[in-house]
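K.L.:
Below is the structure, and that's it, no one-letter string:
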Ligand code: HEM
């Protein structure tokens, strides 16, 4: 009895005289109840809901690790759930985000356009790029009864095979052929000039070649006359664009925001020029301008919409090309095989498109392209859940967000074999049908399936063929380390490389002159 009384009085003391201990006990109890409820009881009460990947801090959820390396976090969660590839939930700053990692669920999600929508994401991006709310709403009203979102149908008409694409292709490839000659290699990519030999930054050369050619093919000469720095500004914006996507505060985005402003203001001034001074613009640029002006929009709205298009058209293709060139340069045997494959076509006096048609038929070159996409694409699609619906027998709740991280499928060992993590073009060479496998989606799918995939492939294989065959580039130092993809930088398409991992290559004047003037 005496002991009991003592205990009671000790507890009373703790309760009355040590508020901090008491509060800590209550907090710990509340935390325990929250954890047991969230991760043990609630999943049993609602077996139809996607399981939640456990986290320690309520509301914050998995956001810290997701921002550090989203692919790693998703892989960890997938393995935590025994790699069943059932949809699961990540909690990111108070929001439930469903993650889909199987090809079947991806097909179902991309098909379900009525309940899983891309619209609010695109509307939000349009507003953040500076389009006025009135024009955004008017644009969506105008597309209410169509199967496409604003800009989508125009981009598809321009970029999918057809007369508009052929025109764009001619001008894109023509400009690539012009830039990739000894005399036209831009000075700012040259790191050392040894007379008849130059040491060049591969990263800057490939990025400049693709972005500059795309700029010319989209807008003609006029855009760069209005804003000579637009290609560089777009490159800088792209480099840090994750800060824009993730809404990093302005004081931490000090070089991204001015770069974006230069590019977008250049576009605005371009659209203020009289039409007669913008004669080289492609059909898509003209059609988008006409559509937005018809809705009552001005050059600011057009430049916001065009900035998004210009950015998606330039952000990924040069990176894929860069990785493809690296894979070939760092593997002398592979290089020899590629050279043998392309040589007969490079020596013919073909037009740019004629050469392109020939390059399209080369199995090894295209297998290397596909394998490069497979190993470097970190593309995602985002959808908002408009109504409760089911995917794979699990219920997605209205108001949540859904992410499809295609990299999870691109590296699936069950589809691509036990060496799925490794670059091995032979898998596409021996099994060309892999390109059609639903797990191979570097370009996404459904309503937002990348319409630029043909242009991207054409540019990439042309650049690779010209660098190897016309400019005979080689590693300036064979001991240079293979660049490492930057998996920690948030990315919506092809992985960037880690800083300071550029590759230096040499090219020679004599060899550069070999090609006929028809190709330049
Ligand atoms: C290797 C290069 C490329 C990759 C990996 C790539 C990847 C993607 C992906 C994954 C999407 C869908 C995003 C989503 O679902 O939200 C997309 C959309 C798009 N891409 Fe590409 N892309 C590439 C090159 C290009 C090029 C060169 C162009 C234009 C010349 C282009 C134009 C577009 C457009 C306009 C869309 C938006 C489609 C829509 O929402 O209707 N892309 N791209």
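P.N.:
Noted; the coordinates are in hand. What you see is a predicted model, and the numbers here were worked out from it, not measured in a lab.

K.L.:
Assumed residue 395 was part of a helix.
P.N.:
No. Read with DSSP: H, G, I helix; E, B strand; the rest coil, residue 395 is strand and lies in no helix.

K.L.:
could we number from 719 for the rest of this?
P.N.:
All set: I'll call the first residue 719, so the last point we hit is now residue 1113.

K.L.:
List the contacts of it.
P.N.:
764, 766-768, 1106-1107 (CB atoms under 8 Å, 6 or more residues apart in numbering). The way it works is simple: take the backbone N, C-alpha and C, and place the C-beta from them, glycine included.

K.L.:
Scan those and report the most crowded one.
P.N.:
The most crowded member of the contacts of residue 1113, judged by other CB atoms under 10 Å, is residue 768 (26 neighbours).

K.L.:
Model confidence score at that one, please.
P.N.:
pLDDT recorded at residue 768 is 97.

K.L.:
from this structure, which residue is nearest to the ligand?
P.N.:
residue 1170 (2.0 Å; CB to the nearest ligand atom).

K.L.:
Is that residue in contact with residue 1033, as I believe?
P.N.:
No. With contacts counted by CB atoms under 8 Å, residue 1170 stays clear of residue 1033, the gap being 10.3 Å.

K.L.:
all helices for the stretch 819-968 of the chain, in order.
P.N.:
Listed in chain order, the helices of the stretch 819-968 of the chain (DSSP state H, counting those that start in this stretch) span 821-829, 837-846, 851-860, 870-877, 881-897, 920-937, 940-944, 948-957, 959-963.

K.L.:
what's the most buried one of these?
P.N.:
Counting by mean count of other CB atoms under 10 Å, helix 920-937 has the highest mean neighbour count of the helices of the stretch 819-968 of the chain, with a mean of 24.

K.L.:
gap between that helix and the chain center?
P.N.:
The chain centre lies 17 Å from the centre of helix 920-937; the measure is CA atoms, centre = their mean, to the nearest Å.

K.L.:
name the helices or strands packed onto it?
P.N.:
helix 881-897, helix 940-944, helix 948-957, helix 1001-1012, helix 1017-1033, helix 1035-1047, helix 1171-1183, strand 1222-1226 (3 or more CB pairs under 8 Å, 6 or more residues apart in numbering; DSSP states H and E).

K.L.:
model confidence over it, on average?
P.N.:
98.

K.L.:
Need phi/psi at residue 939.
P.N.:
phi -80, psi -30 (degrees, to the nearest 10).

K.L.:
In this structure it contacts residue 998, no?
P.N.:
Yes. With contact defined as CB under 8 Å, residue 939 reaches residue 998; the gap is 5.6 Å.

K.L.:
if we can go back for a sec, figure out which of the helices and strands packed on helix 920-937 is closest to residue 743.
P.N.:
With CB to CB as the criterion, residue 743 lies closest to helix 948-957 of the helices and strands packed on helix 920-937, at 50.1 Å.

K.L.:
now the closest one against helix 920-937, angle please.
P.N.:
120 degrees (axes from the mean of the first three to the mean of the last three CA atoms, to 10 degrees).

K.L.:
Run through who's touching helix 948-957.
P.N.:
925-926, 929-930, 933, 941-942, 945, 962, 973-974, 977-978, 980-981, 984-985, 1028-1029, 1032-1033, 1214.

K.L.:
And for stretch 1084-1094?
P.N.:
Against stretch 1084-1094 from outside (CB under 8 Å, 6+ apart): 1037-1038, 1041-1042, 1045-1046, 1052, 1056, 1078, 1128-1129, 1134, 1139-1147, 1150, 1152-1153, 1158, 1160, 1175, 1178-1179, 1203, 1212-1213.

K.L.:
Helices - which of those residues land there?
P.N.:
Judged by DSSP state H, these include 1037-1038, 1041-1042, 1045-1046, 1052, 1056, 1078, 1128, 1134, 1144-1147, 1175, 1178-1179 as members of helices.

K.L.:
element containing the closest residue to residue 941 other than its chain neighbours, please.
P.N.:
Counting by CB to CB, 6 or more residues apart in numbering, residue 988 is the residue found nearest to residue 941 once chain neighbours are left out, at 4.9 Å. Assigned by DSSP states H and E, residue 988 falls within helix 974-990.

K.L.:
For that helix, which helices and strands make contact with it?
P.N.:
helix 940-944, helix 948-957, helix 959-963, helix 1017-1033.

K.L.:
pretty sure residue 1179 contacts residue 1081?
P.N.:
No. Checked against CB under 8 Å, the pair residue 1179 and residue 1081 is beyond contact range at 12.0 Å.

K.L.:
ok, these two, which is more surrounded?
P.N.:
residue 1179 (22 against 13).

K.L.:
can you pull the contacts of that one?
P.N.:
By CB under 8 Å, 6+ apart, the contact list for residue 1179 reads 1074, 1077-1078, 1080, 1083-1084, 1087.

K.L.:
Tell me the residues of the stretch 1019-1168 of the chain that contact the ligand?
P.N.:
Neighbours of the ligand within the stretch 1019-1168 of the chain, by CB under 6 Å from any ligand atom: 1027, 1030-1031, 1034-1035, 1038, 1095, 1097, 1099, 1160-1162, 1166, 1168.

K.L.:
Could you dump those residues into TSV with pLDDT and neighbour count added?
P.N.:
As requested, these are exported to TSV (pLDDT from 0 to 100; neighbours: other CB atoms under 10 Å):
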residue	pLDDT	neighbour count
1027	97	19
1030	97	16
1031	97	24
1034	97	27
1035	98	27
1038	98	24
1095	98	25
1097	94	21
1099	95	24
1160	98	24
1161	98	19
1162	97	20
1166	93	18
1168	97	19
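
K.L.:
And those residues, which is closest to residue 896?
P.N.:
Among those, and counting by CB to CB, the member closest to residue 896 is residue 1035, at 17.6 Å.

K.L.:
Give me the nearest residue to the closest one, chain neighbours excluded.
P.N.:
Residue 1035 sits nearest to residue 1174 (CB to CB, 6+ apart), 4.2 Å away.

K.L.:
In contact with that neighbour, which residues?
P.N.:
So residue 1174 contacts 1034-1035, 1038, 1168 (CB under 8 Å, 6+ apart).

K.L.:
ok, it to residue 1097 distance?
P.N.:
Distance, residue 1174 to residue 1097, by CB to CB, to the nearest Å: 12 Å.

K.L.:
Alright, I will stop here.
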